[in-house]
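In: Sharing a model prediction with you, sequence too.
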2 protein chains.
Amino acid sequence: MAWSGNKEDGEGKSRRGYHHGNLREALIAAALDLIGSKGPAGFTFAEAARSAGVSAAAPYRHFRDRDDLLSDVARQGFERFEQFLANAWNEGRPDPRTAVNYLGKAYLAFARTEPAYYSAMFEANISLDDHPELRKAGDRAFEIVRKAAEELSATLPSRPPSLMLALHIWSFAHGIASLFARGDSGRRNLPMSPEDLLEAAMLVYLEGLGSSSK
Amino acid sequence: MAWSGNKEDGEGKSRRGYHHGNLREALIAAALDLIGSKGPAGFTFAEAARSAGVSAAAPYRHFRDRDDLLSDVARQGFERFEQFLANAWNEGRPDPRTAVNYLGKAYLAFARTEPAYYSAMFEANISLDDHPELRKAGDRAFEIVRKAAEELSATLPSRPPSLMLALHIWSFAHGIASLFARGDSGRRNLPMSPEDLLEAAMLVYLEGLGSSSK
DNA sequence: ATGCCATGTGAAGGGCCTTTACATCAAAGC
DNA sequence: GCTTTGATGTAAAGGCCCTTCACATGGCAT
């Protein structure tokens, strides 16, 4: 008794029907909830265990330590992020320039609609050396931007280095997201939406690269 | 015994020569050290107290709680930041465009050379509502950028809105600083320096605003 | 000299992270 | 079917942290 009711009695045995059934995923889900409601610092291993209805020691059967769980949340976040960005880019349709704008907006949208993931990904200060999977997941997400930059560069007369272009786009979106696009309770407010701020910046920036304005 | 030797016996009585003398500042200094070596999350109130040679309860005579001390570090950080940025801007000398470049470089330099302050300012997640002084200090620092943007705008044919310009500069510098200009042990590495990345971005951006290139 | 208030102490309650020895349950092999 | 075995969970304990409270102390004003 006291399992959260996800035993799925009649169907999938939810992995390998054990004591809990699928504690690992339950813990990740609990962590996501807690991070979302109280920030990445407010989340505690013990409380995640309580949410899942197990003792405080149980999580150690599935994660090396608290950071290991956090890094798994972050990794999952980067995977979703990658999908999200890829959808927005949509292989450069209708045209690279417009698609890159969508990409930037998606970055901001992700930060706003998935604050828990975003926190784990960028604000939890997880060592990338101790969690190589996390680094790889982040790299894969960046690859979407990288590819977009490549195709956009190809449409520009000046043919700017695509890596530089990608880093500029990522940095700009990240800066605006970090500063202004968090629900962060007590953050600063703008005279314009983060999306408009980013779009304006991209417009000016691409103009500077010699885009034919539209 | 066991005070860190700053009694200044012969001179200023260091404020109001009390038990410790100036515990408040000693705690801030200790916090800065600890944040610098172990990140803002690694810093603990208790250890700061030990560093200062007092009991764990003593800090509560000077700070409401742990966050209150952190917010004071952050506030002090913003004040230094403001000075640092103002020096770099140097009232627009030799010319606004060059001075803005210095400003951006200063942003990155601060993030790199004062990681403890930077952490407290931007990564400690201190509620701005609970610490209005902190918000004000941040606003004052931003004002430097705001003023620089105003003067730079005046030199540009297109006369872009200076607030937008300031937000763009701040966001860009912040994004690059957050992603790449931290000693953060295990962070990502670039094919170019953060400074070069920022300078290139500013170059393109200003070109886009119709600057006469140089 | 006296009393007040700011400053510091020690102890205590409560919480968290993590480890260790122990229990239990599922599956696999005999 | 029964036993073995390894994965999974528990209870308890150590260590550290945050915060509060009652109490001590020492400067300063009167």
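Out: Good, I have the coordinates. Residues are numbered from 1 along each chain as shown, chains lettered A, B, ... in the order given.

In: and A:Arg182, backbone torsions?
Out: Backbone torsions of A:Arg182, given as degrees, to the nearest 10, read phi -110, psi 140.

In: Packing partners of the helix or strand hosting A:Gln83?
Out: In this assignment (DSSP states H and E), A:Gln83 forms part of helix A:66-89. When contacts are defined as 3 or more Cβ pairs under 8 Å, 6 or more residues apart in numbering or on different chains; DSSP states H and E, helix A:66-89 sits against helix A:23-42, helix A:45-52, helix A:96-113, helix A:115-122, helix A:132-155. In this view, the C-beta of every residue, glycine as well, is placed from N, C-alpha and C.

In: Between the ones you listed, which one is closest to chain B.
Out: Distance to chain B, taken as Cβ to the nearest Cβ, is lowest for helix A:23-42 among the helices and strands packed on helix A:66-89, at 5.8 Å.

In: residues contacting A:Ala49?
Out: A:27, A:55-56, A:58-59 (Cβ atoms under 8 Å, 6 or more residues apart in numbering or on different chains).

In: And the pLDDT at it?
Out: Predicted confidence (pLDDT) for A:Ala49: 97.

In: same check, this time on the one 10 residues further on
Out: The model reports A:Pro59 with a pLDDT of 97.

In: Enumerate the positions of the helix holding A:Gln83 that are buried.
Out: Buried residues in helix A:66-89, defined by neighbour count with 16 or more other Cβ atoms under 10 Å in any protein chain shown: A:66-78, A:80-82, A:84-86, A:88-89.

In: do stretch A:158-166 as well
Out: A:160, A:162, A:164-166.

In: Just the closest of those residues to DNA strand D, please.
Out: Of all the buried residues of stretch A:158-166, A:Ala166 has the smallest distance to DNA strand D: 39.7 Å, by Cβ to the nearest atom of the strand.

In: Settle this for me: the closest one is touching A:Leu152, isn't it.
Out: No: using Cβ atoms under 8 Å as the test, A:Ala166 is too far from A:Leu152 to be in contact (9.2 Å).

In: quick one: average pLDDT of stretch A:95-112?
Out: Regarding stretch A:95-112, the rounded mean pLDDT is 98.

In: wait, stretch A:177-196
Out: Confidence over stretch A:177-196 (mean pLDDT, whole number) is 82.

In: Need the distance between the two termini of that stretch.
Out: 12 Å (Cα to Cα, to the nearest Å).

In: Touching it from outside, list them.
Out: Contacts for stretch A:177-196 (Cβ under 8 Å, 6+ apart): A:105, A:107-108, A:111-112, A:115, A:118, A:122, A:176, A:197, A:200, B:122, B:125, B:127-130, B:135, B:138, B:163-164, B:167, B:170-171, B:174-175, B:178.

In: which of those are buried?
Out: Buried subset of those (neighbour count, 16+ other Cβ under 10 Å): A:105, A:107-108, A:111-112, A:115, A:118, A:122, A:176, A:197, A:200, B:122, B:125, B:128, B:135, B:138, B:164, B:167, B:170-171, B:174-175, B:178.

In: Please list the residues of chain A that sit near DNA strand D.
Out: Proximity of chain A to DNA strand D, by Cβ under 7 Å from any atom of the strand, involves residues A:16, A:18-21, A:23, A:54-58, A:61-62.

In: Got the domain ranges for chain A?
Out: Using automatic domain parsing, the domain ranges for chain A come out as A:23-61, A:66-208.

In: For these, give me JSON lines that also has distance to B:Asp33.
Out: Formatted as JSON lines, these follow (distance: least, Cβ to Cβ, whole Å):
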{"stretch": "domain A:23-61", "distance to B:Asp33": "20"}
{"stretch": "domain A:66-208", "distance to B:Asp33": "18"}
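
In: Distance to DNA strand C for these - can I get that in TSV?
Out: Converted to TSV, the domains of chain A look like this (distance: least, Cβ to the nearest atom of the strand, whole Å):
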stretch	distance to DNA strand C
domain A:23-61	3
domain A:66-208	4
